[in-house]
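A.B. asks: Let me see the structure of the following:
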Amino acid sequence: MDTTGATAAAGGGGGSGISVEEEQARMAAMVEKLQTRDALRMYTWLSQRCFSDCVTTFYRKTLGKGEGACVRACVRKYLLVTTASAARFGQLADPYAAVADEDDDEE
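C.D. replies: Below you'll find the model as predicted:
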């Protein structure tokens, strides 16, 4: 049975010449690039969303009092929802952590 292809595909040995540390550094750089891209996309989307919902007048350079309050409320709501969603997804991803949290609450 020939397992050299599977070993090479898994990143182990073969003739790739890439060490585990180099592969980890490459993957970390890729993850960082994707996180930066996603953060910029989220910022752009949120800016457009809150601007279109809140800004109604264009006759001055600054936001009106009500517009500024609306933008702050829009961003605050979005951050609260994303924080709560991330916490819930974290619980779903690690059910043992959720059980441990419930045990801590009971004490």
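
A.B. asks: what's near enough to touch residue 49?
C.D. replies: 74, 78 (Cβ atoms under 8 Å, 6 or more residues apart in numbering). No exception for glycine: its C-beta is placed from N, CA and C like everyone else's.

A.B. asks: So for the helix or strand harbouring it, mean pLDDT?
C.D. replies: Using DSSP states H and E, residue 49 maps to helix 20-54. Helix 20-54 shows a mean pLDDT of 92.

A.B. asks: Show me how far that helix is from its chain's centre.
C.D. replies: 7 Å (Cα atoms, centre = their mean, to the nearest Å).

A.B. asks: now swap in stretch 77-96 and tell me
C.D. replies: The answer for stretch 77-96 is 11 Å, by Cα atoms, centre = their mean.

A.B. asks: same question, stretch 53-63
C.D. replies: Counting by Cα atoms, centre = their mean, stretch 53-63 comes out at 30 Å from the chain centroid.

A.B. asks: buried sites along the helix holding residue 49?
C.D. replies: Neighbour-count burial for helix 20-54 flags 46, 50, 54 (criterion: 16 or more other Cβ atoms under 10 Å).
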